[in-house]
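Q: Next come a sequence and a model predicted from it.
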Amino acid sequence: MVLATALVAGCAMGPDYERPQVPDPEGYDQPTVPGSSIANLAWWELFQDPVLVELIETALFNNKEMAIAAARIEEARAALGFVRADQFPNVDGAARGTRGNTLPGAPEPGGINEQWVLAAGVSWEIDLWGKLRRSTESARAQLLATEEARRAVTITLISDVAATYLLLLDLDNQVGISERTIVTREDSLKIIRARYDRGTVPLIDVNQAEIELGDAIASLAQVVRERERAENRLSVLLGQNPGSILRSNITTREAINIPDIPVGLPSELLERRPDVRQAEQELAAQTARIGVAEALRWPSLSLTGSLGLASNELDDFISSDNKAWSVGGSLLGPVFHAGRSRTRVEQERARTEQLISAYELTVLRAFEEVENSLVDLQTFRDEASAREAQLVAAQSAAELSRARYNGGVTSYLEVLESERSLFRTELQASATRRQQVVSLVTLYKALGGGWSTKQEVEVTSGSK
């Protein structure tokens, strides 16, 4: 019987987990080399601004989403220990003493009866069908899923802090552009008013200059409002109360290292992206639950035993004559549950099918994000070049139109249009430069890079 039990217990019901086959895309539009990817860079090597690096480190330490993710890992680890303990025997101790005249077995009415017991009991469910092992397998996979979820939060946090910080640098630049434009237009308005007072220009020129000055002042107010909100958003990411954010006096391009590195093979995305790995572990955990449901359809075998002392008298309680022991076993299985056991298995299989589709969808979205990021990186690079050329032309046109107006060759409308175009082009060029740099951060995130902390890298290097 022991041999048969051991042979049966060596099997586990339900399917073993296998990763679903997801076809790789034919290839990215960029060069691909196995093991060579921008995602292999540590995030602190990608960012060249020491202030930005310090902000990211602060966020990784103080961010509330990170704290929630870390606590969920501890919860999953405790759940694994709780489930795994079911595979081992349970040993309990008991001590009991009673004395009275109302107990069964009293020698005579009104007589006194005593019962004293000191014993240890053992109970053990034999894992005949692998129910307990499948439960442990599911809990272990769920723990790994929560760890991957924390890594996903980490890379998202790094990306959000970097993108918001770069937005602040861009908004600082736009504030400077707006303030310079206001000063220029105020000077122009003074000159035009003086000319109007001398009767050399009509009142409409004054009105148009006032309109353009008001537009620049309104634009400055809008940019300042956006900058304040960005600072508050970044403060929350840092786990702090809303307030001002320290930043260095560098441009958005200087804040980040833009290496010319291939993106890596598409298949490497499955091994690197935390969200893909999380979806896979959740699928593995659910697959194991099918085995648990299958095992519940069959009888369970439990062994029990106890050893201790029992006596009706406390005197001379510790004596070999008072030894008490018992050994037993029970076999309990379902007979008629109106199909409940079968439908439980069907339910777990349906949930597994859902998570298979969820995993495949996560992979497809990962490939989509990489493709979109590559397109953004290339097109924003081209757009930034075009904006730079446009800015040079707009500056030249503004200077020429001002000279033509001062020389009496053209009307003030030409000056207004050229200066309006220059102001708009300066703002667009600044925003495009920021979007170009952010697109690299987005690609870095899409490829699954950046979730290792400095401490994790140091620990890994030390273990090697």
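A: Arrived safely, thanks for sending.
Q: Quick one: low-confidence residue ranges for the stretch 101-250 of the chain.
A: Residues of the stretch 101-250 of the chain that meet the criterion pLDDT under 70 lie in 101-111.
Q: what are the ranges of the strands in it?
A: Counting by DSSP state E, counting those that start in this stretch, the stretch 101-250 of the chain has strands at residues 113-126.
Q: Would you quantify the distance from the residue nearest the centre of the chain to residue 433?
A: With distances taken as Cα atoms, centre = their mean, residue 153 lies nearest the centre of the chain, 2.2 Å away. Look at residue 153 and residue 433: by Cβ to Cβ, to the nearest Å, they are 29 Å apart. (Each C-beta comes from the backbone N, C-alpha and C, glycine too.)
Q: now swap in residue 228 and tell me
A: As judged by Cβ to Cβ, residue 228 and residue 433 stand 22 Å apart.
Q: ok, these two, which is more surrounded?
A: Ranked by neighbour count (other Cβ atoms under 10 Å), residue 228 and residue 433 place residue 433 first, with 22 against 13.
Q: doesn't the more buried one fall inside a strand?
A: No: read with DSSP: H, G, I helix; E, B strand; the rest coil, residue 433 is helix and lies in no strand.
Q: For it, give me its contacts.
A: Contact partners of residue 433, counting by Cβ atoms under 8 Å, 6 or more residues apart in numbering, are 170, 251-253, 384, 387.
Q: go again using 7 Å as the cut-off
A: When the contact criterion is Cβ atoms under 7 Å, 6 or more residues apart in numbering, the partners of residue 433 are 252-253, 384.
Q: Please check those and keep the buried ones.
A: 252, 384 (16 or more other Cβ atoms under 10 Å).
Q: Chain neighbours aside, what residue packs nearest to the residue nearest to the centre of the chain?
A: Closest residue to residue 153 apart from its sequence neighbours, by Cβ to Cβ, 6 or more residues apart in numbering: residue 69 at 4.6 Å.
Q: Pull out the buried positions in the helix or strand hosting the one you found.
A: Residue 69 belongs to helix 64-84 when elements are defined using DSSP states H and E. Residues of helix 64-84 classed as buried: 65-66, 69, 72-73, 76-77, 79-80, 83-84 (neighbour count, 16+ other Cβ under 10 Å).
Q: If we ignore the residues flanking it in sequence, what's nearest residue 414?
A: Per Cβ to Cβ, 6+ apart, closest to residue 414 is residue 401, 4.8 Å.
Q: same thing with residue 429?
A: Leaving aside its sequence neighbours, residue 429 sits nearest to residue 387 (Cβ to Cβ, 6+ apart; 4.1 Å).
Q: same check, this time on residue 272
A: Nearest to residue 272 is residue 448, by Cβ to Cβ, 6+ apart, at 3.4 Å.
Q: helix, strand or coil for the one you found?
A: coil.
Q: In contact with it, which residues?
A: 39, 269, 272-274.
Q: next one: phi and psi at it?
A: Dihedral pair for residue 448: phi 90, psi 20, per degrees, to the nearest 10.
Q: Now do it against residue 174, distance only.
A: Counting by Cβ to Cβ, the gap from residue 448 to residue 174 is 32 Å.
Q: Kindly report the same for residue 365.
A: From residue 365 across to residue 174, the span is 33 Å (Cβ to Cβ).
Q: cool, and residue 312?
A: 92 Å.
Q: And for residue 298?
A: 70 Å.
Q: These two - which one has more neighbours?
A: residue 174 (22 against 15).
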